[in-house]
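Undergrad: Next come a sequence and a model predicted from it.
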Amino acid sequence: MPSNTSPEPQSPGSKTSADRPGVLSRGSYSEKVRIGEILRKETVGGMLLVAAALIAIVWANSPLSDSYFALRDFEIGYEPWHLQLSLGAWAADGLLAVFFFLVGLELKREFVAGDLRNISKAIVPVAAAVGGVVVPAAIYAAINWGHPESLNGWAIPTATDIAFAVAVLAIIGSHLPSALRIFLLTLAVVDDLLAITIIAVFYTEDLEITPLLLAVAGLALYTFLAQKYRRFFGLKASAAWFILLPIGVVVWALVHASGIHATVAGVLLGFAVPVIRSQASGGPEAGPGLSEIFEHRFRPLSAGFAVPVFAFFSAGVAVGGWDGFMSSLTDPISLGIIAGLVLGKPIGILGTTWLLTKLTRAKLDASFNWVDLFGVAVLAGIGFTVSLLVADLSFGHGTIPNDHAKVGILAASIVAALLASLVLTPRNRHYRTVEAEENVDADADGVPDVYQQGRQG
């Protein structure tokens, strides 16, 4: 793909390259600070997630493997409410709802008050996320076309695990331009929305109308209270726990009973929380709204507990030694997942972004190059949390196809992380050198050459 380093011909009255809208622009300073804080928290969560998954894999393949599966399949709950679930199901249906609640909060925040409220800035990550979903699904379907029993897993390679990806990026890309980090986070959030939409539409078989209508009524009450008394819930943390949380749990239980996957309730509840600060609290300029306050309160619970526990119960798969591992890798299910994540994700993301620069007046931000975007697109091939969830929904707990799907997800995530490291580590060294040179220039004359040096090399 061509670089944007060469100057463009100008004509009288035409816009220069610098006047054209930037693809993956740096965004506002406040947005950069806010997203930087989110990325730091997700980095810690990603490391906990990886540790939990490693413990599960080792335990599931040890002489004590029976105890792991007995723990995962242990059932607890109230059957008349359709809530007698295994611990693994509680983690997938319950704890991941917390994760998707954060997704709902973040999405609404981005499109209501974030930089993505501008269509010119939103179109690129949204389109790239769509490309990163469509291409992997198409590759999986093509590989499994002659195997109708495995086609149901077409959505498995469509998701990006933001926590896992950010943890890798924190290790290998500490000096990469902030626009790349913001792009990765935004891409993953939109990716999660697409994934939850796929789950709601394609993985709902038996729909119960009565629980669904009751869930809608509960969601309406939750929305009214959150909107009407946003200042009260923002100031009184205990009020949200004792009023909004019980209503949210009831909505979650009703959505679960309706046949729709319960994590959908998390996204809807997140959408219901107001983003803009009320006029009684001083308006938008006086500080963060209720959505951002809730995000600060719940993100440690999601990143530090909910997602790692889900990973612990979902990642454990009995590989069956080297022969079993190789057998799993040669299954069309695993091949489709690996090809979809490792090849499909970067092709879809990078290809869509490149097309936008050709079909519109958009250009790359001056602070980075195409190779940087390629590295991030490869990093987006780390599909873990949501991919494991979709695998469970596609093939069911404890089945051989599901075990093979998990092997494919784990293998693809590791390969994507390694390939992204190979691309981004040299780029990180380059930007570290540029940063040092800029500091020297700033010391010399007080005017650092901020971004153009990053495009060279």
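TA: Cool, the structure landed.
Undergrad: Hmm, residue 256 and residue 82 touching each other?
TA: Yes. With contact taken as CB atoms under 8 Å, residue 82 and residue 256 are classed as touching, separated by 6.6 Å. C-betas here are computed from N, CA, C, even on glycine.
Undergrad: Comparing those two, which shows the higher neighbour count?
TA: residue 256 (24 against 16; other CB atoms under 10 Å).
Undergrad: pretty sure the more buried one is touching residue 93, no?
TA: Yes. Residue 256 is within contact range of residue 93, at 6.1 Å (criterion: CB under 8 Å).
Undergrad: Residues in contact with both of these two, list them for me.
TA: Shared contacts of residue 256 and residue 93, defined by CB atoms under 8 Å, 6 or more residues apart in numbering, comprise residue 262.
Undergrad: who's in contact with residue 189?
TA: If you count contacts by CB under 8 Å, 6+ apart, residue 189 has them with 103, 106, 107, 110, 162.
Undergrad: Secondary structure element holding it?
TA: Residue 189 belongs to helix 178-202 when elements are defined using DSSP states H and E.
Undergrad: Name the pair among the contacts of residue 189 with the greatest separation in space.
TA: For the contacts of residue 189, the farthest-apart pair by CB to CB is 110 and 162; their separation is 13.3 Å.
Undergrad: Of these two, give the one with the bigger neighbour count.
TA: Counted by other CB under 10 Å, residue 110 and residue 162 do not tie: residue 162 has more neighbours, with 32 against 22.
Undergrad: What does the more buried one show for phi and psi?
TA: Per-residue torsions, residue 162: phi -70, psi -40 (degrees, to the nearest 10).
Undergrad: For residue 428, see how far away it is.
TA: With the distance defined as CB to CB, to the nearest Å, residue 162 ends up 19 Å from residue 428.
Undergrad: again, but for residue 326
TA: Taking CB to CB as the measure, residue 326 and residue 428 are separated by 34 Å.
Undergrad: who's more crowded, the two?
TA: Counted by other CB under 10 Å, residue 326 and residue 428 do not tie: residue 428 has more neighbours, with 20 against 12.
Undergrad: Three-state assignment for that one, please.
TA: When classified by DSSP: H, G, I helix; E, B strand; the rest coil, residue 428 comes out as helix.
Undergrad: close enough to count as contact, it and residue 171?
TA: No. Residue 428 is not in contact with residue 171 according to CB under 8 Å; the separation is 9.8 Å.
Undergrad: Spit out the residues that contact those two alike.
TA: Common neighbours of residue 428 and residue 171, counting by CB under 8 Å, 6+ apart, are absent.
Undergrad: Can you give me the buried ones in the following helix or strand past the helix holding residue 189?
TA: Going down the chain from helix 178-202, the next helix or strand is helix 209-228, by DSSP H and E. By neighbour count, and taking 16 or more other CB atoms under 10 Å as the criterion, the buried residues in helix 209-228 are 211, 212, 214, 215, 218, 219, 222, 223, 225, 226.
Undergrad: As CSV, the residues you listed with pLDDT and distance to residue 190 would be great.
TA: Converted to CSV, these look like this (pLDDT from 0 to 100; distance: CB to CB, whole Å):
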residue, pLDDT, distance to residue 190
211, 91, 29
212, 92, 26
214, 95, 30
215, 94, 25
218, 95, 27
219, 95, 22
222, 95, 24
223, 94, 23
225, 93, 28
226, 91, 23
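Undergrad: Report how many residues lie close to residue 64.
TA: Neighbours of residue 64 under the rule other CB under 10 Å: 10.
Undergrad: Relative to residue 52, how far out is it?
TA: With distances taken as CB to CB, residue 64 is found 17 Å from residue 52.
Undergrad: quick one: the helices in the stretch 51-200 of the chain?
TA: Taking DSSP state H, counting those that start in this stretch, the helices of the stretch 51-200 of the chain run over residues 65-72, 87-90, 96-112, 119-143, 162-172, 178-202.
Undergrad: Check the stretch 201-350 of the chain too.
TA: Taking DSSP H, counting those that start in this stretch to define them, one finds helices in the stretch 201-350 of the chain at 209-228, 230-235, 237-239, 245-258, 263-272, 290-301, 307-315, 321-330, 332-339, 345-359.
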